[in-house]
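Asks: sequence? don't have it. structure:
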């Protein structure tokens, strides 16, 4: 027996959320496991282990788009769709695999849900650090700022930030001191260099 | 724990805002038998010492036990619901009716509990484990944990020494210099969970060849459990404490 694909809806308005839930619950193979209408979505979603998260982008603080990254990182196997019924900054939409429009028919929603799952197979990406990432890791562990790392390796600050995001994704470690521990455990750096 | 700047949003949508598919587990009430409450979720036992509640509950209901031991039944049952029902969000009305002093007492005792009964034992276990590593590895692991512990202590002591006294003054309704407000707190209510999460990943993924599987597993169980508990704690501060104080501020400053 296959289990239903779990969907979480993050949407402030009950009418819209409930309407979408009714529509989805009628579709075979899918179930809405929760509707969340407030800001505390990330910690609540994680234990639900959803396959699909449908988010109203207006629920996400524009100044903190990092939240979307954070959520995606903590739910690596979930696919994200934006639920759209008003103007949404295209920059924000880029974070989503697809958009579900409030005018979409049931059939269209079915197709979109299926597509979401097809593209969200677990990644087989290696978590091995590249040489450049190792260099950056060592620099971070030594306490260098993004700016000085960029200067030292002739990179843009933006590139350094991308490398750091990848470091965190691959190691699962966010804090600088945590990355330092990683660097020392893997003998990339000597403890005396970070004293 | 999640970024907590969402408190304002939470306050607005404080009532009836999350609907779960599984409605089989009813919310706890003060009329429920304490023994049944524990039977339905043994994790709630963790809350008893923080309320100073003693066991040997006999057939008492939540209400009877709490009143006998000087605890607010409403507060206790709200905390139980928050711990057991991840979909539960207390209503604005329920929050306003809470006994503030009891809430602060509960939060303070929770702080002590985390430090003394959870973090210290984890520190000891980590120390024992890292004794199997090289000196450099052992040193860096212990230093990492010491940093985490300090972060938590700073976070707690800020609450105890700045936020809670402010709330108590509000309660006493003294005219205040508007030098501080709970908005400042909710903005600064930082995450203290990053390092704990990092430690988890270090132990699960990156620490190799120390040959103490049982101890490592035990330690990880402690860390996972602490992480979960702390996330509930932050949640309580965000959805109970902050809205409650915002309400108090409104009553005090508007008069």
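Replies: On my side now, so go ahead. Just so it is clear, the model here is predicted, and its values are computed rather than measured.

Asks: Next, count neighbours for the closest residue to residue A:23 other than its chain neighbours.
Replies: Nearest non-adjacent residue to residue A:23, counting by CB to CB, 6 or more residues apart in numbering or on different chains: residue A:106, 5.7 Å away. Heads up, the C-betas are built off the backbone N, CA and C, glycines and all. Around residue A:106 sit 10 other residues, with neighbours defined as other CB atoms under 10 Å in any protein chain shown.

Asks: try the one 5 residues further on
Replies: Around residue A:111 there are 12 other residues, counting by other CB under 10 Å.

Asks: mind listing the helices in the chain by residue range?
Replies: Just going to use chain A. For chain A, helices defined by DSSP state H occupy the ranges A:14-25, A:41-45, A:66-74, A:90-93, A:106-118, A:131-141, A:146-152, A:157-171, A:176-185.

Asks: could you do chain B instead?
Replies: B:7-12, B:34-40, B:47-51, B:62-68, B:73-84, B:92-96, B:100-113, B:120-130, B:135-158, B:164-171, B:182-188, B:194-201, B:213-236, B:242-253.

Asks: Return the set of buried residues in the fourth one.
Replies: Translated: helix B:62-68. B:62, B:63, B:64, B:65, B:66 (16 or more other CB atoms under 10 Å in any protein chain shown).

Asks: now those as JSON lines including distance to residue A:147 and pLDDT?
Replies: Formatted as JSON lines, those follow (distance: CB to CB, whole Å; pLDDT from 0 to 100):
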{"residue": "B:62", "distance to residue A:147": "56", "pLDDT": "96"}
{"residue": "B:63", "distance to residue A:147": "60", "pLDDT": "96"}
{"residue": "B:64", "distance to residue A:147": "63", "pLDDT": "95"}
{"residue": "B:65", "distance to residue A:147": "59", "pLDDT": "95"}
{"residue": "B:66", "distance to residue A:147": "56", "pLDDT": "96"}
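
Asks: and which of those residues is nearest to chain A?
Replies: residue B:62 (24.9 Å; CB to the nearest CB).

Asks: and that closest one, what does it touch?
Replies: B:28, B:29, B:30, B:31, B:32, B:33, B:34, B:37, B:73, B:76, B:77, B:80 (CB atoms under 8 Å, 6 or more residues apart in numbering or on different chains).

Asks: Need those in JSON lines (columns: neighbour count, distance to residue B:197 and pLDDT).
Replies: What follows is the contacts of residue B:62, written out as JSON lines (neighbours: other CB atoms under 10 Å in any protein chain shown; distance: CB to CB, whole Å; pLDDT from 0 to 100):
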{"residue": "B:28", "neighbour count": "23", "distance to residue B:197": "30", "pLDDT": "93"}
{"residue": "B:29", "neighbour count": "14", "distance to residue B:197": "35", "pLDDT": "93"}
{"residue": "B:30", "neighbour count": "17", "distance to residue B:197": "36", "pLDDT": "94"}
{"residue": "B:31", "neighbour count": "11", "distance to residue B:197": "39", "pLDDT": "94"}
{"residue": "B:32", "neighbour count": "17", "distance to residue B:197": "34", "pLDDT": "94"}
{"residue": "B:33", "neighbour count": "16", "distance to residue B:197": "37", "pLDDT": "95"}
{"residue": "B:34", "neighbour count": "22", "distance to residue B:197": "34", "pLDDT": "95"}
{"residue": "B:37", "neighbour count": "23", "distance to residue B:197": "30", "pLDDT": "93"}
{"residue": "B:73", "neighbour count": "17", "distance to residue B:197": "35", "pLDDT": "95"}
{"residue": "B:76", "neighbour count": "27", "distance to residue B:197": "30", "pLDDT": "96"}
{"residue": "B:77", "neighbour count": "21", "distance to residue B:197": "30", "pLDDT": "95"}
{"residue": "B:80", "neighbour count": "24", "distance to residue B:197": "26", "pLDDT": "95"}
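
Asks: where does the chain have low pLDDT?
Replies: Answering for chain A, as no chain was given. The model of chain A has pLDDT under 70 over residues A:1-2, A:61-65, A:119-125, A:195.

Asks: please go with chain B instead
Replies: For chain B, the ranges with pLDDT under 70 are B:1-25, B:174-180, B:185-191, B:255.
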